[in-house]
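Q: Fold the stuff below for me.
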Amino acid sequence: MSLTTTKAANAGLHGVVAASLLRYGLILALIVVFAIFSAITPTFLTLTNLQSVLVNNFPLLAIISIAMTFAVASGGIDLSVGTAMDFASFAFVSLVLAGQPVAIAALAGLAAGALVGAFNALLISVIGVSPFLATLGTLFIGRSVQQLLTNGGNPVYLPPNGVPEVFRFLGHGTLAGFPVPLAIAIIIAVATAVMFVHTRFGRITLSIGIQPSVVRYSGIAAPAYIAATFVLVGLIAAVGGLILTATVTVYIPSSGNAFLLNAIGATFIGTTLSPLGRPNVGGTILGVLLLSIVANGLLLTDLNFYWQQVGTGTLIFAVLALSFINRKAGSGA
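A: Purely as a prediction, here's the structure:
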């Protein structure tokens with residue numbers, strides 16, 4: 001073998017290794033972060049702590065991130081997922097305090113979240129407002145409405161003995177030792193993944209996000225699918241709102257917005273798992289797991305809260321930067 005051939009082979013091997021590292025940067029980041037926290041925090045690998053990550057950090061963020069994945073898959077974004085959570089929580093708590101059965105209150109909560117999605121759908125699909133501006137407006141309106149309904153943002157507590165055990169089970173129960181919130185998150189994730197791959201609605205939603213002009217010229221009513229997508233986003237977020245309420249037994253105005261930025265981060269981190277940078281449920285779930293582990297690990301290191309935010313933001317930037325470099329190299333740019 002000549003020297004030129006050997007150099008070419010080595011260059012090719014190095015290229016394959018580099019491409020693999022970039023292609024699977026998310027998985028590599030998970031391994032590295034897990035190893036770092038295992039080394040620097042002795043309590044990180046304990047069973048109690050790992051259960052805390054999966055039970056306390058993971059389920060709600062996973063549900064909201066899956067809702068966000070739907071919105072991004074359709075070519076948009078939903079900045080009002082937290083508002084849908086909050087409205088679902090407020091509707092439930094208000095009706096329980098008014099003496100309504102828990103089933104009616106829960107259905108009202110789901111309807112409230114879907115209503116937020118329907119309002120976004122009206123703005124986007126009928127009026128023609130961009131998803132970013134429409135959902136940003138809904139975020140601001142929703143936050144103001146909550147302030148007005150609660151005399152400036154006062155929490156609304158459920159009475160200690162006023163919440164049926166069946167509803168508490170939603171936030172704290174287990175099925176054969178498996179936490180109910182985690183089970184719900186997994187069910188929603190699996191259902192969404194199946195919908196994207198095996199249903200007409202899911203495939204068209206993805207197509208709208210990838211090639212909207214092709215979908216439009218094919219005669220498909222894209223606005224109707226986008227509208228349905230945002231209603232579904234609101235409904236999924238409402239499930240998260242009910243689980244949050246069942247966990248803490250209190251409605252706190254605008255508390256859902258605490259999940260917004262991490263949901264966006266997890267969704268876009270998840271796109272790095274796709275060679276074409278498309279939203280996908282598997283990637284989103286890994287993104288949620290990565291952010292949950294980082295949040296837990298930084299908490300165990302006793303870092304200042306603001307430094308924790310710096311660490312999370314830096315990690316998101318690093319993973320997305322690796323993906324960008326990978327796609328740029330792949331396109332030959």
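
Q: What score does the residue minimising distance to the centre of the chain have for pLDDT?
A: Most central residue of the chain, judged by C-alpha distance to the mean C-alpha position with Cα atoms, centre = their mean, is Ser65 at 0.8 Å. Confidence at Ser65, expressed as pLDDT, is 97.

Q: So what's the gap between the helix or strand where it lies and the chain middle?
A: For Ser65, the enclosing helix or strand under DSSP states H and E is helix 58-73. In this view, helix 58-73 has its centroid 3 Å away from the chain centroid, taken as Cα atoms, centre = their mean, to the nearest Å.

Q: who does that helix touch, helix- and strand-wise?
A: Contacting helix 58-73 under the criterion 3 or more Cβ pairs under 8 Å, 6 or more residues apart in numbering; DSSP states H and E are the following elements: helix 81-97, helix 180-198, helix 200-210, helix 222-248, helix 260-270, helix 281-300. For every residue, glycine as well, the C-beta is placed using N, CA and C.

Q: Would you indicate which residues of the longest one are buried?
A: By 16 or more other Cβ atoms under 10 Å, the buried positions in helix 222-248 come out as 222, 225-247.

Q: sorry, back to before: pretty sure Val288 is one of the things the residue nearest to the centre of the chain touches, is it not?
A: Yes. Taking Cβ atoms under 8 Å as the definition, Ser65 is a contact partner of Val288 at 5.1 Å.

Q: which neighbours do the two share?
A: When contacts are counted by Cβ atoms under 8 Å, 6 or more residues apart in numbering, Ser65 and Val288 have 262, 266 as shared neighbours.

Q: gap between Ala111 and Met195?
A: Taken as Cβ to Cβ, to the nearest Å, the spacing of Ala111 relative to Met195 amounts to 21 Å.

Q: can you check Gly270 too?
A: 16 Å.

Q: Gly241 now?
A: If you measure Gly241 against Met195 using Cβ to Cβ, the figure is 21 Å.

Q: Adding mean pLDDT and distance to Thr312, write the helices and strands packed on helix 58-73 out as TSV.
A: As requested, the helices and strands packed on helix 58-73 are exported to TSV (pLDDT from 0 to 100; distance: least, Cβ to Cβ, whole Å):
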stretch	mean pLDDT	distance to Thr312
helix 81-97	95	17
helix 180-198	95	20
helix 200-210	92	26
helix 222-248	95	20
helix 260-270	92	8
helix 281-300	92	6
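
Q: for those helices, which one ends up most surrounded?
A: Neighbour counts (mean count of other Cβ atoms under 10 Å) averaged over each of the helices and strands packed on helix 58-73 peak at helix 81-97, with a mean of 27.

Q: by contact count, what packs against it?
A: For helix 81-97, the helices and strands in contact under the criterion 3+ Cβ pairs under 8 Å, 6+ apart are helix 58-73, helix 102-121, helix 131-149, strand 156-157, helix 222-248, strand 250-251, helix 260-270.

Q: Now render the ones you listed as CSV, adding distance to Ala91.
A: What follows is the helices and strands packed on helix 81-97, written out as CSV (distance: least, Cβ to Cβ, whole Å):
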stretch, distance to Ala91
helix 58-73, 17
helix 102-121, 4
helix 131-149, 11
strand 156-157, 11
helix 222-248, 9
strand 250-251, 9
helix 260-270, 20
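
Q: Relative to Ser292, which of these is closest?
A: Ranking the helices and strands packed on helix 81-97 by proximity to Ser292 (Cβ to Cβ) places helix 58-73 first, at 4.9 Å.

Q: The closest one versus helix 102-121: what angle between them?
A: Note on geometry: by axes from the mean of the first three to the mean of the last three Cα atoms, to 10 degrees, helix 58-73 and helix 102-121 are set 30 degrees apart in direction.

Q: tell me the angle of helix 58-73 relative to helix 81-97?
A: Regarding helix 58-73 and helix 81-97, their directions subtend 130 degrees when assessed with the same axes, to 10 degrees.
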